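>>> here are the coordinates; sequence isn't available:
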Ligand SMILES: [Zn+2]
């Protein structure tokens, strides 16, 4: 796959789309994950309309009972309504992102070079909101309590900045981090846009302070935390 060839910093990618314990589907710039649970599996994000069929076909191999949305941007929650129906799954989303389902919030570029992309996104984001979906399980607290109840070994980590409710899920060595960090441009990079850059910077420090070794980002393939660390430190020093 084109995406994977470009990502030289990832040593090996198995054909069955597993990277260590990480089960993923990477297609047209979007990466969706599945986390296995005791009583059903969890889909991490759903992608935009252009990946719907491919993601649905892939997800049908699992016993999807939950859909965890890392945040309520269209390229993560567009298919939430249709997948909820297809799988009879319950949707989890941080309560702080509930408002984003009905109203887009202006994003700022985190580097000058992202100005035009951001400008474009601020227009299209308003014009094309995701189909509405009902959240079944609001995420209100960090930690493992809720996940344990649902049969998953892991914890929620709040990393606001890209959106107010940006939420990561840590399972073992892996932090499923949505857009709190990215490999969108085929290399480790801070999120190119944020609703609040100051808050995002605090979250980047917090992300580094977790004991995760891999970042399973919403775009691109999993990134080594050590590689992400270098990019984050440089960004925080220079900005
Ligand atoms: Zn996003």
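Thanks, I have it. Only a predicted model underlies this, so the values are computations on that prediction, with no experimental measurement involved.
>>> For the residue nearest the centre of the chain, which residues are in contact?
Note on the chain: the residue nearest the mean C-alpha position is residue 178, at 1.6 Å, using C-alpha atoms, centre = their mean. Neighbour list for residue 178: 44-45, 70-71, 76, 162, 166-168, 217-218 [criterion: C-beta atoms under 8 Å, 6 or more residues apart in numbering]. Bear in mind the C-beta positions are built from the backbone N, C-alpha and C, glycine included.
>>> List just the nearest of the residues you listed to residue 141.
Within these, proximity to residue 141 (C-beta to C-beta) peaks at residue 167, which comes in at 10.6 Å.
>>> ok, for that closest one, nearest residue in space, not its chain neighbours?
The shortest distance from residue 167 to any residue other than its chain neighbours is 4.5 Å, reached at residue 94 (C-beta to C-beta, 6 or more residues apart in numbering).
>>> and that neighbour, how many residues sit next to it?
Neighbours of residue 94 under the rule other C-beta atoms under 10 Å: 26.
>>> Same check on residue 217?
Look at residue 217: counted by other C-beta under 10 Å, it has 28 neighbours.
>>> isn't it right next to residue 181, touching?
Yes - Residue 217 sits in contact with residue 181 when judged by C-beta atoms under 8 Å, with a separation of 5.6 Å.
>>> which neighbours do these two share?
Both residue 217 and residue 181 are contacted by residue 223, under the criterion C-beta under 8 Å, 6+ apart.
>>> Filtering the contacts of residue 178 by proximity to the ion, which remain?
Applying C-beta under 5 Å from the ion to these, one finds that nothing falls near the ion.
>>> Tell me the one of those nearest residue 104?
residue 71 (12.5 Å).
>>> what helix or strand does the closest one sit in?
Under DSSP states H and E, no helix or strand contains residue 71.
>>> For it, give me phi and psi.
When read as degrees, to the nearest 10, the backbone of residue 71 gives phi -170, psi 170.
>>> pLDDT on stretch 86-103, on average?
What stretch 86-103 shows for mean pLDDT is 94.
>>> Mind putting the contacts of residue 178 into CSV with pLDDT, distance to residue 36 and secondary structure?
Compiled in CSV, these are given as follows (pLDDT from 0 to 100; distance: C-beta to C-beta, whole Å; DSSP: H, G, I helix; E, B strand; the rest coil):
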residue, pLDDT, distance to residue 36, secondary structure
44, 98, 12, strand
45, 98, 16, coil
70, 98, 18, coil
71, 97, 23, coil
76, 96, 21, helix
162, 97, 27, coil
166, 98, 24, coil
167, 98, 19, strand
168, 98, 18, strand
217, 95, 20, strand
218, 95, 19, coil
